[in-house]
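[1] next one to model:
(one chain, ligands or ions: 1)
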Amino acid sequence: MSTVLIIGAGGVAAVTVKKCARLVEHFSEIYLASRTVSKCAALQEEVGADRVKGVFAVDADHAHEVEAIIKQTKPDLVVNLALPYQDLAIMDACLACGVDYLDTANYEPKDVAKFEYSWQWAYQERFEKAGLMALLGSGFDPGVTNVYTAYAAKHYFDEIHYLDIVDCNGGDHGQAFATNFNPEINIREITQRGRYYFNGEWRETEPLSVREDLHYQNIGERASYLMYHEELESLVKHFPTIKRARFWMTFGDAYLNHLKVLEGIGMTSIDPIDFNGQQIAPLEFLKAVLPNPGSLAEGYTGQTCIGTYITGVKDGQEKTIFIYNNCDHAVCNEEVGAQAVSYTTGVPAMIGAALMLNGTWRKNGVVNMEEMDPDPFMEMLNKHGLPWHVMECESPFDRSES
Ligand code: NDP
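    Predicted coordinates:
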């Protein structure tokens, strides 16, 4: 018997709930709580009340509200698929009730767009002392990309030296401008300064100012931009032989032009303004205007290709491999009514949860994905819709500094 409480009922949660619902052996009881309870009820209706046993309204900004639901549902694990703003309150509730925790994105304060693990790593001692596990970042990137790196370190290298994580969405949703996951979180992330790790220090770049045209399997060449992404921080900590770690994401010209205009007129700002006597952050308003990422699935064509280039040394020889997955939007839609970005996040959340619940992944404290044995996770990726491939490369990704 293992009971899971899932918090959040957006694009990612919808995939996780549907995948968990099929795996009675891992998830005997599922409960669902979110801010808008009608979204939980709709999901419950879709998968059946025999699998989602109860739905609850919760404002997860308040730990005591989460605690009340934990006390009622008595889960073995809380899966946080709400927004990064809620991470700490949900971790507090888990500590207060003695329950394990999992999320897919690191904590961000609402009023500062700052991406770092410091706030959540500060919970290490409390989780360890309580004999509880908090698994951080069990999505695709972070998540699968961390596991790919751990898998490469275990099976392909004696030492890892260079890491380039590449994330391409080669799909077409037919909208003029839309984001593939929560627009507020997405735009906060991509409008930040770029940052990468080089020889023991972090170097910064202007936002989206470093471009490389990269080739993606089954997609072709796409303009890719250097960005900061949170898994870089934990990967360089856990693999200290890394000399350089970077993250690249593809953006089309139309997307960048829209973004530039929106930024230029202040629509991406998180600083509240007075509007008819009400304080609103322009970015929150923009989120309300943009398409709901969950609604993009119908008619979305093309694939994603997300992977990790790793250069290192094995038996004194330098080599480079690329571990990656292709995920097709239309196939995801047919399977669970979701687009590939929700799918590639929602499936790893289910896998991380299953491995924690059956005890395969167990470590007390606050844990990043690469700290655990990658093999069972990689095996489940193949079984549950995210097959991966390892390609031996003839030459390193590149040796320039940025
Ligand atoms: P959505 O905006 O679609 O869903 C977020 C859900 O959280 C909504 O149901 C929302 O409720 C709920 N929520 C928001 N605030 C609260 C609150 N205070 N209390 C309770 N529930 C709340 O986002 P996504 O599904 O696209 O993303 C979910 C998470 O996944 C995010 O943290 C995102 O950063 C992460 N992510 C991670 C990726 C990875 O690869 N690691 C990739 C993509 C996303 P309401 O319906 O009322 O708004």
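
[2] in terms of secondary structure, what does the lengthiest helix in the chain contact?
    Among the elements of type helix in the chain, defined by DSSP state H, the one spanning the most residues is helix 340-357. Helices and strands touching helix 340-357, as assessed by 3 or more CB pairs under 8 Å, 6 or more residues apart in numbering; DSSP states H and E, comprise helix 11-22, strand 77-80, strand 100-103, strand 133-136, strand 303-314, strand 317-328, helix 329-336, helix 374-383. Placement of C-beta: from N, CA and C, glycine included.

[3] gap between the helix or strand just after the third one and the chain center?
    If you walk from strand 100-103 toward the C-terminus, the next helix or strand you reach (DSSP states H and E) is helix 118-121. Going by CA atoms, centre = their mean, to the nearest Å, the spacing between the C-alpha centre of helix 118-121 and its chain's C-alpha centre is 17 Å.

[4] over to stretch 66-77?
    24 Å.

[5] buried set for that stretch?
    Neighbour-count burial for stretch 66-77, with 16 or more other CB atoms under 10 Å as criterion, is recorded at 66-70, 73, 75-77.

[6] wait, which of those residues is closest to the ligand?
    Checking these against the ligand by CB to the nearest ligand atom gives Val66 as the nearest, at 8.5 Å.

[7] tell me the residue of the stretch 251-400 of the chain that sits nearest the ligand?
    Across the stretch 251-400 of the chain, no residue is closer to the ligand than Thr345, which sits at 4.0 Å (CB to the nearest ligand atom).

[8] setting aside sequence neighbours, what's the nearest residue to Met1?
    Residue nearest to Met1 in three dimensions, not counting chain neighbours: Ser28, with 4.9 Å by CB to CB, 6 or more residues apart in numbering.

[9] ok, that neighbour touching Ser2?
    Yes - contact status for Ser28 versus Ser2: in contact at 5.7 Å, counting by CB atoms under 8 Å.

[10] just the buried positions in stretch 347-363, please.
    Residues of stretch 347-363 classed as buried: 347-357, 361 (neighbour count, 16+ other CB under 10 Å).

[11] which parts of this structure are helices?
    Taking DSSP H as the criterion, the chain contains helices spanning 11-22, 37-47, 63-73, 87-97, 118-121, 124-129, 144-155, 183-190, 231-238, 253-264, 282-289, 329-336, 340-357, 374-383.

[12] from the buried residues of stretch 66-77, pick the one nearest Leu286.
    Val66 (28.1 Å; CB to CB).

[13] list the contacts of the closest one.
    By CB atoms under 8 Å, 6 or more residues apart in numbering, the contact set of Val66 is 7, 33, 58, 60, 78, 89-90, 93.

[14] identify the bridge partners of the residue nearest to Lys237 when sequence neighbours are not counted.
    Leaving aside its sequence neighbours, Lys237 sits nearest to Asn368 (CB to CB, 6+ apart; 8.0 Å). With DSSP bridges as the criterion, the beta-bridge partners of Asn368 are Leu136.
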